[in-house]
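Peer 1: Sequence first, then the predicted structure, then my questions.
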Amino acid sequence: MIDLKQFTNGRIQCWLVVTLMLLVATLAGGAETNQYWAYVGTYTGKGSKGIYVSRFDAGTGELSPLKLAAVAPNPCFLAVRPGNASLITAADVATNGQVLAYGIDRKMGELQPLNVQATGSKGICHVSFDGTGKYAFAASYGSAQIFAWQVGADGRLGERTASLQHSGSSVNRARQASAHAHQIIADPGNKFVFVCDLGMDKVMAYRFDVANGSLTAVNPAFTAIVPGSGPRHLAFAPGGRFAYLINEMGSTVIAFKYEAETGRLSELGTYPTLPAGFTNGNTGAEIVVHPSGKRLYASNRGLNSVAIFNIDPVNGLLTPTGQVSTLGHTPRFMTLDPTGNYLLVGNQDSGSLVVFRVNGADGGLVPTGQVLALNSPVSVVFVPVAE
């Protein structure tokens with residue numbers, strides 16, 4: 001015969017044990033996912049030596065003191081391979097620009113050199129991976145070339161699978177006398193690759209074959225931008241229905257509808273990143289879409305601000321909501337942390353990395369007081385800490 005009191009007490013004890021186990025697991029999991037290595041790429045002409053690393057607490061927004069992770073020449077842009085085991089950087093040098101690959105020690109944050117691929121081009125300024133991590137891409141600003149390589153299981157850059165040359169110009173003879181490839185990224189579906197070419201005022205579109213890493217121009221081969229705008233960086237919204245382009249010379253953001261099956265970008269509207277009445281010199285730099293799909297951030301070098309926009313989730317149109325000072329000079333780069341709760345801004349000319357908290361209600365930015373000094377920061381990427 002079953003003793004109901006004993007049975008009930010046993011159930012309660014069992015429930016308490018299970019609940020305690022779940023709580024411990026949740027806390028342990030939360031602690032791990034809240035801790036990230038933040039790797040910072042720099043220009044090394046003004047005292048910095050390469051790639052630096054800080055431990056970032058996504059629960060508090062705190063950064064640990066920076067340490068040198070790898071000595072490298074002008075590692076101006078970083079990209080982490082899907083899976084977080086390795087990263088690549090663009091070595092922005094005057095001749096024979098290189099792409100460097102590093103293995104990541106996720107426990108200690110250290111980087112181990114893997115290999116180097118020389119390109120023979122000038123000014124490699126941007127690198128990225130395809131969605132599978134099996135291929136790496138690079139764009140050359142000085143030589144207007146784009147490249148693709150196979151990536152080995154160990155993160156090493158292998159055989160080159162694509163090398164294409166841009167040719168053209170636009171209306172600003174001082175800056176657009178020739179083509180300048182400024183960014184290369186795959187779309188969310190991993191079917192197309194887009195290249196923002198500042199010199200031609202075009203966003204070039206290529207069909208990407210994941211079987212062999214080839215890039216083939218689509219029809220139409222490009223999206224033409226208003227002459228003199230200088231397209232710099234493109235960012236896709238979550239879901240892939242919309243994409244947003246920041247124009248460096250025009251200080252504008254263009255909203256596009258994106259057709260994932262054809263790779264076509266259709267313009268929806270153009271928005272200034274500057275407030276009315278601002279007449280001093282300015283160039284647009286970075287563009288970031290919040291993972292919620294509700295906010296967009298664009299940085300201004302000159303006004304030294306972040307322009308904030310609301311995104312209409314139905315039609316993709318933007319509404320400007322304000323400007324926030326970056327608390328420094330020349331915000332060349334900014335990025336959201338993996339939780340979307342913090343925005344990190346790299347002020348290149350004032351040598352500072354500044355952390356802002358993202359207000360969940362309206363997407364506004366609030367300084368956290370976290371500021372790290374570093375000469376010429378130009379790129380930040382995150383990798384989860386392995387405890």
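Peer 2: Looks like it came in fine.
Peer 1: Skipping its backbone neighbours, what lies nearest Ser86 in space?
Peer 2: Gly155 (2.9 Å; CB to CB, 6 or more residues apart in numbering). No exception for glycine: its C-beta is placed from N, CA and C like everyone else's.
Peer 1: Verify the contact between Cys196 and Ala179 for me.
Peer 2: No: contact criterion CB atoms under 8 Å: Cys196 and Ala179 do not qualify, at 11.2 Å.
Peer 1: Find the helix or strand that Val116 is a member of.
Peer 2: Val116 belongs to strand 111-118 when assigned by DSSP states H and E.
Peer 1: Look up the closest residue to Pro227, ignoring the ones flanking it.
Peer 2: In space, Pro227 is closest to Val171, 4.4 Å off (CB to CB, 6+ apart).
Peer 1: Now do the contacts for that neighbour.
Peer 2: Contacts for Val171 were tallied using CB atoms under 8 Å, 6 or more residues apart in numbering; they are Asp201, Pro227, Gly228.
Peer 1: Just the buried ones out of those, please.
Peer 2: Neighbour-count burial (16 or more other CB atoms under 10 Å) is assigned, among the contacts of Val171, to Asp201.
Peer 1: Mind listing what's buried along the lengthiest strand in the chain?
Peer 2: Counting by DSSP state E, the longest strand found in the chain is strand 214-224. For strand 214-224, a neighbour-count test (16+ other CB under 10 Å) marks Leu215, Val218, Phe222, Thr223 as buried.
Peer 1: one step back: show me what secondary structure element comes after the strand holding Val116.
Peer 2: With DSSP H and E, the next secondary element past strand 111-118 is strand 124-129.
Peer 1: Packing partners of that following strand?
Peer 2: strand 75-80, strand 86-91, strand 98-104, strand 135-140, strand 181-186 (3 or more CB pairs under 8 Å, 6 or more residues apart in numbering; DSSP states H and E).
Peer 1: Direction included, what does it pair up with?
Peer 2: Its sheet considered, strand 124-129 pairs with strand 135-140 (antiparallel) by DSSP bridges.
Peer 1: Convert the C-alpha atoms of the strand it pairs with to CSV, please.
Peer 2: Extracted in CSV, the C-alpha atoms of strand 135-140 (Å, rounded to 0.1, in the frame of the first residue of the first chain):
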residue,chain,number,x,y,z
TYR,A,135,34.9,30.2,-48.3
ALA,A,136,36.5,33.5,-47.5
PHE,A,137,36.1,36.8,-49.5
ALA,A,138,38.2,39.9,-49.7
ALA,A,139,37.8,43.3,-51.4
SER,A,140,40.7,45.6,-52.5
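Peer 1: Now do it against strand 111-118, angle only.
Peer 2: Here the directions of strand 135-140 and strand 111-118 differ by 60 degrees (axes from the mean of the first three to the mean of the last three CA atoms, to 10 degrees).
Peer 1: which residues are contacting whatever helix or strand comes next after strand 135-140?
Peer 2: Sequence order places strand 145-151 as the next helix or strand after strand 135-140, per DSSP H and E. The contact list for strand 145-151, computed with CB under 8 Å, 6+ apart, reads 81, 86, 99, 101, 117, 119, 121, 129, 133-140, 157-166, 181, 184, 195, 213-215.
Peer 1: show me what contacts Arg232?
Peer 2: Residues near Arg232 by CB under 8 Å, 6+ apart: His182, Gln183, Cys196, Leu198, Leu245, Ile246, Asn247, Glu248, Gly284, Ala285.
Peer 1: Mind doing that once more with 10 Å?
Peer 2: Counting by CB atoms under 10 Å, 6 or more residues apart in numbering, Arg232 touches 125-126, 180, 182-183, 196-198, 245-250, 283-287.
Peer 1: Mind pulling the model confidence for Leu327?
Peer 2: We have a pLDDT of 98 for Leu327.
Peer 1: State the distance from it to Pro220.
Peer 2: 42 Å (CB to CB, to the nearest Å).
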